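Undergrad: Take this sequence and fold it.
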Amino acid sequence: MKKTLQELTIKNNFLFAAVMSEEDNCKQFLEMVLGVEIERVEVDKEKSMVYHPQYKGVRLDIYVKDGKNTRYNVEMQARSQEYIGKRARYYHSQIDMDMLAAGYEYSELPKAFVIFVCDFDPFGDKKYLYTFENRCMQNLSLDMMDECRTIFLSTAGDNPKEVPKEMVKFLKFVKADLNESMEDFEDDYIKKLQDTIQNIKLSREMERKFMTLEELIKDERKEAKAEGKVEAILEFLEEFCVVSAELEEQIRAEKNLEVLGRWLKLAAKADSIEQFIAEM
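TA: Numbers count the residues shown, from 1 in each chain. Below you'll find the predicted structure:
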């Protein structure tokens, strides 16, 4: 069942992106994760909370740079992802491509952090914090010096003495259900996030954005289903012979899922491509 904006907690991608789009919230989050003070941050609103076909549809990660030109990509992951490491690799590549497209030389590429906040344990080691960087396997003291780091926060950690207590409280806040998320966590930063969330939920503009996003996601899923059916139809037909350009164009132009479903069943049981065409 689809949730309303009022029912969301910070683990929802839209709400997390909305909260972290406020630069002071994002700055404090990065300082908590990295354990260092950051002069200032700039959230790129054109690359956050928007629809980007080149980024595989709806993009809800937060793209940030700080006063030293370090780049950050931050994303909430509420559900377990089988290939989350490769997703991190993709984000690192996007940061580099953006920099190179802007005229940077390889030697000028800035430090880059990809950070995932996971409401699950991505590696099964019961850590609140996992940090990865490139090192030589034959000598771990040798850093490749590519200045890339990938960080995973996990709400399923069980090592509170190894990380800052404010990080544990933040991750408990992420894990909380709606009622629990409104409790007093005795933490100034979480109180600030709670206030931001309340303001977002009272905003008609944010309600409109959320509804628009839901429609985009719905359309995207529908399009993905249609594309899957089209490819399956063509795969069945290609067992008979090469599909003509005209027929392929006709099949790809069809967007009605019911029609595509009927064609798929027909393609699966047809004895020839001529029979398929005759019964379409």
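
Undergrad: Which secondary structure state does residue 130 sit in?
TA: Of the three states, residue 130 takes strand under DSSP: H, G, I helix; E, B strand; the rest coil.

Undergrad: what's the answer for residue 107, then?
TA: Secondary structure assignment for residue 107 (three-state DSSP): helix.

Undergrad: Neighbours of it, how many?
TA: For residue 107, the neighbour count with other C-beta atoms under 10 Å is 5. The way it works is simple: take the backbone N, C-alpha and C, and place the C-beta from them, glycine included.

Undergrad: I'd like to check what contacts stretch 8-19. Which residues are they?
TA: 3, 5, 25, 48-49, 60-62, 75-76, 78, 117, 119, 173-178, 181, 193, 196-197, 200-201, 206, 209-210, 213 (C-beta atoms under 8 Å, 6 or more residues apart in numbering).

Undergrad: Tell me, please, where in this structure the pLDDT is lower than the cut-off.
TA: The chain contains residues with pLDDT under 70 at 1, 46-60, 216-217, 219-221.

Undergrad: those strands in the chain, which residues are they?
TA: Taking DSSP state E as the test, the strands found in the chain are 41-43, 50-52, 57-59, 62-66, 71-77, 112-118, 129-133, 148-154.

Undergrad: nearest to residue 268, of those strands?
TA: Residue 268 sits nearest to strand 57-59 of all these, at 28.7 Å, using C-beta to C-beta.

Undergrad: Could you save the strands of the chain as JSON lines and add columns showing distance to residue 88?
TA: What follows is the strands of the chain, written out as JSON lines (distance: least, C-beta to C-beta, whole Å):
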{"stretch": "strand 41-43", "distance to residue 88": "20"}
{"stretch": "strand 50-52", "distance to residue 88": "18"}
{"stretch": "strand 57-59", "distance to residue 88": "15"}
{"stretch": "strand 62-66", "distance to residue 88": "14"}
{"stretch": "strand 71-77", "distance to residue 88": "9"}
{"stretch": "strand 112-118", "distance to residue 88": "5"}
{"stretch": "strand 129-133", "distance to residue 88": "8"}
{"stretch": "strand 148-154", "distance to residue 88": "5"}
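
Undergrad: Columns distance to residue 255 and mean neighbour count on top of those strands, output as JSON lines?
TA: Output for those, formatted as JSON lines (distance: least, C-beta to C-beta, whole Å; neighbours: other C-beta atoms under 10 Å):
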{"stretch": "strand 41-43", "distance to residue 255": "36", "mean neighbour count": "19"}
{"stretch": "strand 50-52", "distance to residue 255": "18", "mean neighbour count": "14"}
{"stretch": "strand 57-59", "distance to residue 255": "17", "mean neighbour count": "18"}
{"stretch": "strand 62-66", "distance to residue 255": "32", "mean neighbour count": "22"}
{"stretch": "strand 71-77", "distance to residue 255": "30", "mean neighbour count": "23"}
{"stretch": "strand 112-118", "distance to residue 255": "34", "mean neighbour count": "23"}
{"stretch": "strand 129-133", "distance to residue 255": "42", "mean neighbour count": "15"}
{"stretch": "strand 148-154", "distance to residue 255": "38", "mean neighbour count": "22"}
